[in-house]
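A.B. asks: need the 3D shape of this:
(2 chains)
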Amino acid sequence: MVPVDRERGGQEEDGDGLPLSDEILLLIITRVAGNTADLVRCAATCRRWRRLVSGDADFICLHAPPRTDRSARGLALGFFHHPDKTQPPRFVPLPSASSSSRLPSLKHLVDGEGRRIFHGASSSRVVACRDGRLVVEIRRPTNGGPLTLCVCNPASGEADVLPCLPGGEAYGCALLTVDDLRYCKDKEKAPPRSASSYRVVLVFDHDDDGYTVARYFCSDAGRWGPSARVIGGRIADVKWRRRWPGRRKPPSCTAASSFGRA
Amino acid sequence: MEVDKGKGEAEETRKVAEADRDTVTLKSSDGKLFEVSKEAAARLSTVLAGMIAGGSIDDNGTDLKQIGSEALENVVDYCNKHANSIPSAALISSSISFNTAPFKEPEEWERKFVDRLSHDALFDLVEAANFLGMERLLDVTCHKISEMMKGKSPDQIREVFNIKNDYTKEELEEIRQELAWAFYDD
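C.D. replies: Numbers count the residues shown, from 1 in each chain, chains lettered A, B, ... in the order given. The predicted structure follows:
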């Protein structure tokens, strides 16, 4: 065979000995991406292949042939809709949910002692979602009570009711999963213990002293951390009006992300 | 002035002669010459089509320094076979860009064409197809190589492609644990 001059587009330190450029290898790997298990096994072959699969995931997703594996079909089962503020959000299934035996529902979620979490809740709302999990604010008929949040995966049935916080203030909420936390540079903070670890970050205005503070709940520790002051903005100043004219708050319909990772 | 004019005419005559020929001559990196139908080359390779249109085809063999003789022979073979086969409707419509058009399954003769190649010849051919902008041949060769990965464990893939495993034992263990569902072989 005649030796051919090739320009390897890749990084030499992860050379696998295969005489194919990154560009070509990516095209080939994209062809197997119709089956996610095949794609994972490609990535597990060597460092170079992993770099291509993880680094060019957007290209692979866009150009892969249609999915053939059962597990990956129809990741989004549906979304939560909240038309009536006096009722908990209702699940609206998409056609892909028709094959699953049990539809996700907040109604069936139980806490550690087997009690239905949303029983008697007058109007709960989804305040954040990520990777199949929801953060739902549980509201009891008595207004102005403490703030109770539930982190749950309605598809798998996992649910944690977080320790109450003093309520009443406007707040913003985000759910961070292992995917977000692995890039945390802070060595002092404990890394997530397992793939199901999460953190809930709350930012809210402190009415008493006019401060805006942030707190986070760590699932590994099972408790809220101390408050930290946030400088440079207040939750109450967030102008919802820009996107929803005439309203002070966003509409109560919250589309939840996929629930496929049960 | 006279001399210039004469030169221009000669150039003109050469170009006309070139346009009249219905084959083009390609030269591999190791100096071997191959003839291929001009029509097929222009239809199947965007790079050759550009060279033909731009008049940069050399009668004595257009230099393709990046392509070895074995790969170029396969390219020419593919072009000739393609010219002789009745193109299906699917193939005609697949002249849209590779990256946007859905992949059409290889035809029977295309499958046979890549099946007889050794791994090295296949790898050379896929790079040559990419270099020459031959979307269909790139499609077919990539498809063939991807078929060699499907349903295989990482160990089997490494064996097929002769790839060195550069993961540490701990890393492999971690991958296996985190994505256990993808490893049904053990």
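A.B. asks: does stretch A:171-185 reach chain B?
C.D. replies: No. Stretch A:171-185 lies out of reach of chain B by CB under 8 Å from any CB of the partner chain, never closer than 9.9 Å. C-beta here means a position set from N, CA and C on the backbone, and glycine is covered the same way.
A.B. asks: can you map out the strands along the chain?
C.D. replies: Going with chain A. A:78-81, A:90-93, A:125-130, A:133-138, A:148-153, A:158-161, A:171-177, A:198-205, A:212-218, A:223-224, A:228-230 (DSSP state E).
A.B. asks: sorry, should have said chain B
C.D. replies: So, for chain B - with DSSP E - the strands run B:23-27, B:33-37, B:62-63.
A.B. asks: where's the residue in the stretch 151-262 of chain A that chain B sits nearest to relative to B:Gln177, distance?
C.D. replies: Nearest residue of the stretch 151-262 of chain A to chain B (CB to the nearest CB) works out as A:Ala195 at 6.7 Å. Going from A:Ala195 to B:Gln177 by CB to CB, to the nearest Å gives 9 Å.
A.B. asks: A:Cys129 now?
C.D. replies: 27 Å.
A.B. asks: which one's more surrounded, those two?
C.D. replies: A:Cys129 (20 against 10; other CB atoms under 10 Å in any protein chain shown).
A.B. asks: just the pLDDT for B:Ser85.
C.D. replies: With respect to pLDDT, B:Ser85 scores 68.
A.B. asks: check A:Val126 too.
C.D. replies: 87.
A.B. asks: A:Pro89 is in contact with that one, correct?
C.D. replies: Yes. A:Val126 is within contact range of A:Pro89, at 5.6 Å (criterion: CB atoms under 8 Å).
A.B. asks: residues near B:Val126, how many?
C.D. replies: 27.
A.B. asks: pLDDT weak spots in the chain?
C.D. replies: Going with chain A. Regions of chain A meeting the criterion pLDDT under 70 cover residues A:1-13, A:69-75, A:96-102, A:122, A:140-144, A:168, A:182-190, A:207-208, A:236-262.
A.B. asks: correction: the question concerned chain B.
C.D. replies: B:1-20, B:85-103, B:184-186.
A.B. asks: residues contacting the residue positioned nearest the centre of it?
C.D. replies: For chain B, B:Ala129 is the residue whose C-alpha lies nearest the centre (CA atoms, centre = their mean; 1.7 Å). Neighbouring residues of B:Ala129 by CB atoms under 8 Å, 6 or more residues apart in numbering or on different chains: B:Val75, B:Leu137, B:Leu138, B:Thr141.
A.B. asks: count the residues that sit near the third one.
C.D. replies: Meaning B:Leu138. That count, for B:Leu138 with other CB under 10 Å as the rule, works out to 21.
A.B. asks: over to B:Ser37?
C.D. replies: Residues near B:Ser37, counting by other CB under 10 Å: 18.
A.B. asks: how much space separates B:Gly50 from B:Phe34?
C.D. replies: 19 Å.
A.B. asks: cool, B:Val126 as well?
C.D. replies: For B:Val126, the distance to B:Phe34 - CB to CB - is 18 Å.
A.B. asks: and A:Cys150, by the same measure?
C.D. replies: The value you get for A:Cys150 to B:Phe34, if CB to CB is used, is 70 Å.
A.B. asks: can you point out the buried residues in stretch A:163-177?
C.D. replies: A:Leu165, A:Glu169, A:Ala170, A:Tyr171, A:Cys173, A:Ala174, A:Leu175, A:Leu176, A:Thr177 (16 or more other CB atoms under 10 Å in any protein chain shown).
A.B. asks: next: stretch A:14-23.
C.D. replies: Quick answer for stretch A:14-23 (16+ other CB under 10 Å): A:Asp16, A:Leu18, A:Pro19, A:Leu20, A:Ser21, A:Asp22.
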